[in-house]
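Coordinates only, no sequence provided:
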């Protein structure tokens, strides 16, 4: 069973600074890590490989320094790594990113399954995984919390819902995005770290993946960012003091006054 | 200080640090309190390939030598001095095999130890034979294809949890130091049992038990080296393993120093952080200098051992252990002092570090025994010149 894992390198902070003029994320001076949700995707792929004797390929689209995220994935048990990198990809929104990744996947290999983390901690859109599947025209399930069964041309998964979970069967090849409940990612091993140091990373440019110029980067992005801002912190509400009876009375009269009851 | 470590060595440190911070730190209080053996953490170390760092590659290890072992133990012990002992005591039990076993024995035992599937333990000490190993009463009598082993060992780290034991017993009681032999025992051999579990002051995540041999039948293939060579094997083992104890002491001391500096920077009294007081600063400066000096001594000893396999390093090993263990006791005691009353409270990590540090001046030879070894080496060297 051959699995492709799509990962993203993100800033190691939940409080990301935003450039007010361009509306994009400021990455300078911030340590980069593998998107935490993608670590579950890597772990699940490596587990499938260990059960079924396949290969795991990790793929990322990003600047040249995203190579370090790929090497870390290799240290955690991944076999091959692909860096999709080109200045022409810069400024891509989720549509252009999905297109680019789908083109890269078409270029590299045969696969049975593609796994992504449910979303990246910087953009938080959760759109690229399903977007890639749509571009490739394969079935996809988001928010998978368990793979119940996987065999050639068939898989059965549990999809996390707000109130329980769905059991879904689907043919392969397919794409899933995973939630953190699916596993506990392992730490790298010494042998993995040695391999990751020596590993050759396949570099793919816009030309190599035969990307249409109008579909990539900022120009290929249908989404135009008008403004990005941090929402103002929530204001404190109203506090009603007094005995329980007084509090109840005040509350009801206020609700009535606002015509809410 | 920059020790010009190789990329490979830096990688080992990095990985040990990840395990220590991410896996061990959240549960160290639990294991100290409950005195449980930390199997889940041993599995983490095994998965990360740390169990075999010092074992040569041809036997499934990582081939990073004593230096590799020292770096890993130090890093793990910065966070917890007891949990790492599952690995360190396994190294102690494995050294007799590495030093003196034949190819067949090495191939049989080392790969599983390197993979972390089996732990090992070292059985030398007896109730009446501590520093004076020749006073041991355990004896092994040859009967056909077997030795019949009788006796009791005490204070054995990893006992009951380990699968492989390197055990010393007299095969010829009349020959004293030359009448002791070394055997490989496996858990489950008929007549091989475990005695009571000791309740200890520190390193409580590590298990310490008796080994009891009751007409235990040991196949003659399990003799390591030749009959009568046991004590030499034990001495060679301790030369190799004492830098490991020193690294444990170093790790504990370095961990306590880090805690003390962090605390001194954040604890405010008289309107300023206590780190601004010269009394505290001088304590921290002494602690840091001693920790660094211990590190230099240990790393150099380990490098010297790896560069000269088979050469005895009794003096340097003893110096490393003597100095690092005494530093660990001083530094952890002063860390508690800097924390003041909070340092004495179990919610804070330094009281445990102080308890854990003490053992390093005691086992694998007390500080006084290390001084005997060092002095004896000096006298021998001086006599050899003439």
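Good, I have the coordinates. The structure displayed is predicted, hence computed values, not measured ones. Residues are numbered from 1 along each chain as shown, chains lettered A, B, ... in the order given.

what sits against the closest residue to chain B within chain A?
Nearest residue of chain A to chain B (CB to the nearest CB) works out as residue A:190 at 3.8 Å. Where you see a C-beta, it was placed from the backbone N, CA and C, and this is true even at glycine. Residue A:190 sits next to B:11-12, B:15, B:48-50, B:53, B:62 when contact means CB atoms under 8 Å, 6 or more residues apart in numbering or on different chains.

Keep those, but drop any that are not near chain A.
Contacts with chain A within these, counted by CB under 8 Å from any CB of the partner chain: B:11-12, B:15, B:48-50, B:53, B:62.

Quickly name whichever of those is closest to chain A.
residue B:49 (3.8 Å).

Shouldn't the closest one be within a strand?
No. Under DSSP: H, G, I helix; E, B strand; the rest coil, residue B:49 sits outside any strand and is assigned coil.

Tally up the residues packed near it, please.
23 (other CB atoms under 10 Å in any protein chain shown).

Identify the residues contacting it.
Contact partners of residue B:49, counting by CB under 8 Å, 6+ apart, are A:189-191, B:62.

Would you mind giving those as JSON lines with distance to residue B:178, secondary structure and pLDDT added?
Formatted as JSON lines, the contacts of residue B:49 follow (distance: CB to CB, whole Å; DSSP: H, G, I helix; E, B strand; the rest coil; pLDDT from 0 to 100):
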{"residue": "A:189", "distance to residue B:178": "44", "secondary structure": "coil", "pLDDT": "90"}
{"residue": "A:190", "distance to residue B:178": "41", "secondary structure": "helix", "pLDDT": "91"}
{"residue": "A:191", "distance to residue B:178": "43", "secondary structure": "helix", "pLDDT": "89"}
{"residue": "B:62", "distance to residue B:178": "36", "secondary structure": "coil", "pLDDT": "94"}
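
What is the nearest of those to residue B:147?
residue B:62 (33.6 Å; CB to CB).

now residue B:352: how far from chain A?
In this view, residue B:352 and chain A are 24 Å apart by CB to the nearest CB, to the nearest Å.

Show me where the chain has its helices.
Here I'm looking at chain A. A:36-52, A:67-75, A:94-108, A:128-136, A:190-198, A:244-257 (DSSP state H).

The chain in question should be chain B.
Under DSSP H, chain B gives helices at B:7-18, B:28-34, B:39-47, B:65-77, B:85-100, B:103-114, B:230-266, B:278-307, B:314-339, B:350-358, B:367-385.

Need those helices in JSON lines (columns: mean neighbour count and mean pLDDT).
Shown next, in JSON lines, are these (neighbours: other CB atoms under 10 Å in any protein chain shown; pLDDT from 0 to 100):
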{"stretch": "helix B:7-18", "mean neighbour count": "18", "mean pLDDT": "94"}
{"stretch": "helix B:28-34", "mean neighbour count": "16", "mean pLDDT": "96"}
{"stretch": "helix B:39-47", "mean neighbour count": "18", "mean pLDDT": "94"}
{"stretch": "helix B:65-77", "mean neighbour count": "28", "mean pLDDT": "98"}
{"stretch": "helix B:85-100", "mean neighbour count": "26", "mean pLDDT": "97"}
{"stretch": "helix B:103-114", "mean neighbour count": "18", "mean pLDDT": "98"}
{"stretch": "helix B:230-266", "mean neighbour count": "25", "mean pLDDT": "97"}
{"stretch": "helix B:278-307", "mean neighbour count": "18", "mean pLDDT": "98"}
{"stretch": "helix B:314-339", "mean neighbour count": "25", "mean pLDDT": "98"}
{"stretch": "helix B:350-358", "mean neighbour count": "25", "mean pLDDT": "98"}
{"stretch": "helix B:367-385", "mean neighbour count": "13", "mean pLDDT": "95"}
